[in-house]
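Here you go, sequence then predicted model.
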Amino acid sequence: MTDLQAARPASPGASGAGPASGGAGSRRMRRAGAYAGLLPFLLYVTVFLLLPTLLVAVGAFQDDQGAPSLSNVAAVVTEQAFIDAFVRSIQLSVVTALAGAVLGGLLAWAVASGSAEGQLRHVVVAASGVLAQFGGVMLAFAFLATFGINGLVTLVASDWLGLDPQSGSIWVYGMTGLAVVYTYFQLPLMLIVFLPAIEGLRQEWYDGSASLGGNSWSFWRHVGGPILAPSFLGAVLLLFANAFSAYATAAALISQGSPIVTLQIRSALTSEVILGQANVGKALALGMIVIVSIVMALYALVQRRASRWVR
Amino acid sequence: MRIGHRLVVGVAALAVVVAACGGGSTSSDAAKTAKSAADLGGMDKLVELAKAEGKLNVIALPPDWANYGQMIDDFSKKYGIEVNSILPDANSQEEIDNAKNTQGTDRAPDVFDLGANVALANTDVFTPYKVEAWGDIPDNIKEPTGLWFGDYAGFTSIGCDVGKVALPATVADLLKPEYKGMIALNGDPTTAAAGFHGVVMAALANGGSADDIAPGVEFFKQLNDAGNLLPVDPTPATIASGQTPCVIDWEYNNAAQTDALAGQIDWQVVIPSDAPPVASYYIQAINKDAPHPAAARLWEEYLYTAEGQNTWLKGYARPILLDKMIAGGTVDQAALDALAPAEGTPVVLTQDQLKAAQDYLKANWNITIAAG
Amino acid sequence: MSAVSSPQRRRRYGRTATRTAILLAIGGYFLVPLFAMLEFSTRGKGGTRTPDAWLAIADDPNLVEAILNTLGIAALTVLGMLLLLVPTMAWVMLRVPRMRRVVEFLCVLPLAIPAIVLVVGIAPVYRVLNGLFGGSILTLAFVDVILVLPFAYRAIDGGLRSVDVVTLSDAARSLGASWPRVMGQIIVPNIRGGILSASVLAVALVLGEFTISSLLSYDTLQVVINLLGKRNAFTSVAVSLAALIFGFVLLYVIARFAPGSQVRGRAAEEGE
């Protein structure tokens, strides 16, 4: 989208000119006016997001008494426990983002290929909205009640398939279990943000592709896929960030050992056993922001390529 | 017309601002600085001031923790004061953080129930007050000016669903194969006091001491490697649903589950015999910026009456005035008899021992128990 | 296309069998844990079934107030989010495309910061807000708008991309329409799907938001539910399931009866 857009201002009428267009000075003022339109958003975000972020970032560079110190940041990048936690968090987020995106995308397609005002769409949208925010202690409980040692599925599997409940459910209590339970809120999230994009695919495009001799597969490969790619990538990014910053469910399922970054942060900020670690928590949070920024930069690079075919 | 209109709007806005700045508390300044009931003119005056305030904010008091549910109900009924229970799941550090986050509002907590560790590190948040029973509180568990004072203690215990697995008699029993996938520790030892003292108990049972908890960490490593340790956070729901058949936690928490699940699950509690009982006192303190200072002080007074102390005893906690009450005959004998038997002299870690143990845990726990 | 007059179009690039299989599989995956919660919450003594845990929900006096407050916060959050995001995103797409990456980054940033850390930074801001608004619980809408930004941005972005906003607005402008008119009558009607998704996400987020409300000591729905659940293990599961059902019904009503959700098909029909 950016390439063509950048070319546009050269053509008349596209730089937002109204009936009265002036010379260079007036165009500069119009551009300033254009940026001014972003002011409400930027002000709001500054007060409620950037300011708190700044406070946290400043805290990351202070020691427990408030004096400037690099020890927290140094600890975050050198201590093995923290590095391992970051690696695990990133792995978990990537895996659940992709799993959620693919499965959620499929579900979105299944729903979108029904009628637009049908009850199914409303039911699925409502259910997805609720389940996308379902997490924490209750989700962990529901998950254990299904797949845990005494869980419904485990018991059924042991009755019908002869699976040993002890060993057959041990995966639930580690990172694998965490990945599976995370899809529980990743998938609905994917559905709800991707559905508008999939519904934007026009029937005519499919008909056009069919009339040129293409089948379903070639439609998706040459038309549907490229058009949806930017939205899909954006959704993957969202899912990644969502998994990366989640902790309530993990805290309930893996209460021992703080294997992921958000649990480390929680421990540092709220431990009643090891005190004075609050600023280490802030340094870890700063690390999270850095990682998300890097991922966003990568996403921007891929996005540019993926948007070639979309205006 | 227009000027009058603007004037009305201006006055209304001003009124809103003034009302907003005024805040919501109706506390009397005398109560804010009173260091004892005598300062206010006696208990009756304190009760009067507290009733005038009408509200009390408590924090981190789950209803099934040392019978706080009944404590809150009884206090509320006796004095007609509405008790607002904030953040029942919070731990001690979160209590202090909440006080800082809500400072100056009428939602701030009035009183704290904290672990010793956090209390000692945050005395600048408290205001001194000596309850009428002050003299009866042992000297080593109170601050001389009244900034904080001990309230109750519990022993670290093991609770099990005996319908699923036999109750272990010792810590060493936990390593047996029949406990595979069954044992949960209440909280990460680097984060929660209950979990921390579970490691201390394991250390004492395996040749360690109050100064050396390395054997405890090693024990939990073995437990984890054997597959007996569940990383799940035990809650009443996980216990009731059978997801955590055995829990290492304070005696008062485990015993409360026995009562709660009577008829559905036979949950029994034991204080293991291969280690001296591990105890930790919790600490009461009053927020110096309490929005309801008189009610806060009345709550403290209530906790240290025989009625309050026995309510804790009924919750299977060991209240600080227990010995005095036994000697004075005011103890609730049935509740006393219901406590799990414990032999040996209780071990309470000193501040230095706590610090050494924390440092060891910080360096070793995560690596030992890292999730697969 | 104009020959099709019924508002219900069946998109033919899907296959019914695959559709059904996917819907069933994924539907099952979600329903089984919820069923497990239902099963647990109706367990009685000695293996019986009892609705006691569910009936206990009605005993709580704070619940109704919490529901009303949370709905109020949700309404304000949706309003704030739409007022903040829709004009801004449209503006960026039409007038300052260079700022798109910046706006996108700002809208993803809230997810980079876990709620417990955000509270540390936002507590001072809320102390000022407390002074201005007297500690009203509705001030939570301010921070909830921030929390919903990542999700709402993505939903509205999906909607904006599926419509050629630039050409449409150019056409409208060349016919003499003012910017507000372009926003209100050209852009918004065409991104109804995205707006609806974003609103649903916002309401769901507010209904499910627990961490910041509890850390700032406000009694929202989730906070009261958590407190209610403390009394009894079975009640805690029952009340969580009840909250899910409540949220589902509310969102269904919004999705079904939101303005435009029934018009969209027909407008797309006539537009072709």
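Structure received. Numbering: from 1, shown residues only, chains lettered A, B, ... in the order given.

drop to CA atoms for contacts and neighbour counts, all remaining ones
OK.

Please, which helix or strand holds the one residue in chain A that gets nearest to chain C?
Taking Cα to the nearest Cα, chain C has its nearest neighbour within chain A at A:P52, 3.8 Å off. Following DSSP states H and E, one finds A:P52 within helix A:51-60.

tell me how far that helix is from the chain's mean position?
Helix A:51-60 sits 22 Å away from the centroid of its parent chain (Cα atoms, centre = their mean, to the nearest Å).

what do you get for stretch B:63-72?
For stretch B:63-72, the distance to the chain centre is 10 Å (Cα atoms, centre = their mean).

does any bit of that stretch sit next to chain C?
Yes: for stretch B:63-72, a contact with chain C is found by Cα under 8 Å from any Cα of the partner chain, at B:P63, B:D64.

Can you give me the end-to-end span of that stretch?
Terminal residues of stretch B:63-72 are spaced 8 Å apart (Cα to Cα, to the nearest Å).

So which residues on chain B come close to chain A?
B:91-94, B:115, B:117-118, B:180-181, B:187-193, B:196, B:230-233, B:237-238, B:241-243, B:358-359, B:362, B:365-367, B:369-372.

Now that we have these, which of them are buried?
B:91-94, B:115, B:117-118, B:180-181, B:187-193, B:196, B:230-233, B:237-238, B:241-243, B:358, B:362, B:365-367, B:369-371 (16 or more other Cα atoms under 10 Å in any protein chain shown).

element containing residue 65?
No chain was given, so I picked chain A. Using DSSP H and E, A:Q65 sits in no helix or strand.

oops, chain C please
C:E65 is part of helix C:62-94, with elements assigned from DSSP H and E.

Can you point out the buried residues in stretch A:223-240?
A:223-224, A:226-240.

Show the backbone phi and psi for the closest residue to B:A90 other than its chain neighbours.
Once flanking residues are discounted, B:A90 sits nearest to B:A60: 4.9 Å by Cα to Cα, 6 or more residues apart in numbering or on different chains. B:A60 adopts backbone torsions of phi 60, psi 40, taken as degrees, to the nearest 10.

For B:A60, list the residues it contacts.
B:S85, B:I86, B:L87, B:P88, B:D89, B:A90, B:N91, B:S92, B:E95, B:F112, B:D113 (Cα atoms under 8 Å, 6 or more residues apart in numbering or on different chains).

pLDDT score for it?
pLDDT, B:A60: 95.

go on, A:Q303?
Looking at A:Q303, its pLDDT reads 80.

How about A:T146?
89.

Look at it and give its secondary structure.
helix (DSSP: H, G, I helix; E, B strand; the rest coil).

Nearest spatial neighbour of it, chain-adjacent residues omitted?
A:L152 (4.8 Å).

Write out the residues of the stretch 151-300 of chain A neighbouring chain B.
Counting by Cα under 8 Å from any Cα, the stretch 151-300 of chain A sits next to chain B at A:166, A:173-175, A:251-259, A:267, A:270-275.

where does the closest residue to chain A within the stretch 1-150 of chain B sit relative to B:L114, distance-wise?
Distances between the stretch 1-150 of chain B and chain A by Cα to the nearest Cα are smallest at B:Q93, namely 5.0 Å. The gap separating B:Q93 from B:L114 is 8 Å, by Cα to Cα.

Noted, bye for now.
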